[in-house]
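Engineer: Mind folding the following:
(chains A and B)
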Amino acid sequence: GAVVSQHPSWVICKSGTSVKIECRSLDFQATTMFWYRQFPKQSLMLMATSNEGSKATYEQGVEKDKFLINHASLTLSTLTVTSAHPEDSSFYICSARVKRNEQFFGPGTRLTVL
Amino acid sequence: DAKTTQPPSMDCAEGRAANLPCNHSTISGNEYVYWYRQIHSQGPQYIIHGLKNNETNEMASLIITEDRKSSTLILPHATLRDTAVYYCIVRVVGGGSEKLVFGKGTKLTVNP
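Structural biologist: Numbering: from 1, shown residues only, chains lettered A, B, ... in the order given. Model (predicted):
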């Protein structure tokens, strides 16, 4: 299947700082990417849909000013957690749509905010 | 949006077939059934998807009932590496995003 990478795989930061997570499609172009968040022992929660060249669409309850998403190219989407706090500590996972019916996921990024 | 119902957990003996059920009684005619799995601390892995007909690939088989209200994912010869949370998802089509909404899934434990 198609390969999606994320960087970094884990990050620890101080409260109040911003953290950027990258999601790349390595062997295909993705016009649409998705960002999920997963808390321990819970399922994945969709945060936003990222479309290349346009503004992201956020799910209800997700603060767009806190979770900045940029999809500037067909192979890269970034999620920036601004002014991170301990409650933002989570496992962040991106996915990319390959074809109309196929979506592949990255390995995830574990964020710990101290 | 259609919802899915899965048992929270299942056990299976290594080498045996694992049959994971999923109910999606409110599925609409143009919605697909997808299966993904997530091994601990990794991103979800695509397994298989289908619309009406049964599907098979190198990983698994998907059996969809004629009324499409339920389906079963079959891992024909489960191995210890198949221990994971398995998610049955009905694809939501909204605004062109075709997003996947995850439920709680079934935690499958394959025992030696």
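Engineer: and the residue of chain B nearest chain A?
Structural biologist: Taking CB to the nearest CB, chain A has its nearest neighbour within chain B at residue B:43, 3.8 Å off. The C-beta positions use only the backbone N, C-alpha and C, and glycine is treated the same way.
Engineer: ok, how many other residues are close to that residue?
Structural biologist: Neighbour count of residue B:43, defined by other CB atoms under 10 Å in any protein chain shown: 22.
Engineer: Look up how far residue B:16 lies from the closest residue in space to residue A:105 that isn't next to it in sequence.
Structural biologist: Distance criterion CB to CB, 6 or more residues apart in numbering or on different chains; nearest residue to residue A:105, sequence neighbours excluded, is residue B:43 at 3.8 Å. Remark: distance between residue B:43 and residue B:16 (CB to CB, to the nearest Å) = 27 Å.
Engineer: What of residue A:64?
Structural biologist: 47 Å.
Engineer: Stretch A:95-104 - what's its average pLDDT?
Structural biologist: The average pLDDT within stretch A:95-104 is 80.
Engineer: How far off centre is that stretch?
Structural biologist: Distance, stretch centre to chain centre, for stretch A:95-104: 15 Å (CA atoms, centre = their mean, to the nearest Å).
Engineer: Look at that stretch and report the distance between its end residues.
Structural biologist: 5 Å (CA to CA, to the nearest Å).
Engineer: where does chain A come near chain B, residue by residue?
Structural biologist: A:1, A:4, A:6, A:32, A:34, A:36, A:43-46, A:49, A:51, A:57, A:91, A:93, A:95, A:97, A:100-108, A:110 (CB under 8 Å from any CB of the partner chain).
Engineer: Repeat the analysis, applying 7 Å as the threshold.
Structural biologist: Residues of chain A lying close to chain B (CB under 7 Å from any CB of the partner chain) are A:1, A:32, A:34, A:43-44, A:46, A:49, A:57, A:93, A:97, A:100-108.
Engineer: Quick check on the residues you listed: which are buried?
Structural biologist: Neighbour counting with 16 or more other CB atoms under 10 Å in any protein chain shown marks A:32, A:34, A:44, A:46, A:49, A:57, A:93, A:97, A:103-106, A:108 as buried within these.
Engineer: Now do the buried residues in the helix or strand bottoming out on mean pLDDT in chain B.
Structural biologist: Lowest by mean pLDDT, DSSP states H and E among the helices and strands of chain B is strand B:45-50, with a mean of 92. Going by neighbour count (16+ other CB under 10 Å), the buried part of strand B:45-50 is B:46, B:47, B:48, B:49, B:50.
Engineer: Kind regards, and thank you for your time.
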